[in-house]
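Asks: The following comprises the amino acid sequence and a computationally predicted model.
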Amino acid sequence: MNVITVASRKGGTGKTTITAHLAAFAQGEGHRCLVIDADPQGSLTLWHSLRRQGALVVQTAERGVHRQLAYAQIAGYEWVFIDTAPTMWVVVQEAIRAATLVVIPARPGFLDLAAVTETVKVARARNKPYAVVLNAAPVKREEKEAPTVAQSRAFLDLHAIPVWAGQISQRASFALTLAAGASAGESDAQSLATAELARLWAAIERVVAVVNTAQGGAGPDAGPGAGQPQAA
């Protein structure tokens, strides 16, 4: 069972948005997925209550994540996605400890990037693979990244923090589909938003495969840089 924990100390980075869209995309690709809403705000649970399609299951973590993860293991789920609160409280640390890969969303800009380091510190302390995903980024023009995105990559590189080579852009479809209880991939499989999700999902699948191979052949230490997703 693969556990993707989406975590960031800062609020407003898009943790819930990425969790919902990724989980729905993976489910649409034929994977059996469970989503754990570990944020007391309950945004994922609200989104799920609006859904009219698909068999994606969302459960809350009122008693911590371990109970839900044990259920997922017994029930035979292939992928578990955990949405977390913008804190480093016990439940969030449990979710990071249980992760196969920690995905850290960050908007391009100093405030989000400065907050990344605290989440990275927790992942490193637990020897968990992790990577930053630049989220709500300005849309590329002629395939060229915006200056804020390039600057963000430079900051992360300076601090030796792995970052996905792609980006999730600021697109209305991400917010609009969530409000309708759907996801970008379910709404329009040919959209630019769906293409970005597909590239991120492909990168996550590759990284998780590497992590699982390393754990199977060389013990549990995959190293803090092992989780760096590459461009699809």
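Replies: Alright, I've got the coordinates.

Asks: So for the helix ranked longest in the chain, mean pLDDT?
Replies: The longest helix of the chain (DSSP state H) is helix 192-218. Helix 192-218 shows a mean pLDDT of 90.

Asks: Could you verify my assumption that residue 132 touches residue 165?
Replies: No. Taking contacts as CB atoms under 8 Å, residue 132 lies outside contact range of residue 165: 11.1 Å. Where you see a C-beta, it was placed from the backbone N, CA and C, and this is true even at glycine.

Asks: Which of these two has more residues huddled nearby?
Replies: residue 132 (27 against 15; other CB atoms under 10 Å).

Asks: Show me what secondary structure element comes after the regular element (helix or strand) spanning the more buried one.
Replies: When elements are assigned from DSSP states H and E, residue 132 belongs to strand 130-134. Sequence order places helix 147-158 as the next helix or strand after strand 130-134, per DSSP H and E.

Asks: and that next one with strand 130-134, angle?
Replies: 170 degrees (axes from the mean of the first three to the mean of the last three CA atoms, to 10 degrees).

Asks: Distance from the chain centre to the following helix or strand past helix 147-158, please.
Replies: Counting by DSSP H and E, the element after helix 147-158 in chain order, helix or strand, is helix 172-179. Offset of helix 172-179 from its chain centre (CA atoms, centre = their mean, to the nearest Å): 17 Å.

Asks: what is the mean pLDDT for helix 172-179?
Replies: Rounded mean pLDDT across helix 172-179 is 94.

Asks: Other residues contacting that helix?
Replies: Helix 172-179 has contacts (CB atoms under 8 Å, 6 or more residues apart in numbering) with 17, 20-21, 47, 50, 168, 183-184, 186-188, 191, 193.

Asks: Filter those residues down to the buried ones and express that as a PyMOL selection.
Replies: Under the burial definition 16 or more other CB atoms under 10 Å, those of these that qualify are selected in PyMOL by:
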select buried, resi 17+20+21+47+168+183+184+186+187+193
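
Asks: Report the spatially closest residue to residue 44, excluding sequence-adjacent ones.
Replies: Excluding its sequence neighbours, the residue lying closest to residue 44 (CB to CB, 6 or more residues apart in numbering) is residue 37, at 4.0 Å.

Asks: I should have written residue 51 there, sorry.
Replies: Once flanking residues are discounted, residue 51 sits nearest to residue 181: 4.1 Å by CB to CB, 6+ apart.

Asks: From residue 99, how far off is residue 119?
Replies: Relative to residue 99, residue 119 is positioned 11 Å away (CB to CB, to the nearest Å).

Asks: can you pull the buried residues of the helix or strand residue 71 falls within?
Replies: Taking DSSP H and E as the criterion, residue 71 maps to helix 65-75. Neighbour-count burial for helix 65-75, counted by 16+ other CB under 10 Å, picks out 65, 68, 69, 72.

Asks: Out of the residues you listed, which two sit at the greatest distance?
Replies: Within these, 65 and 72 form the most distant pair, 9.8 Å apart (CB to CB).
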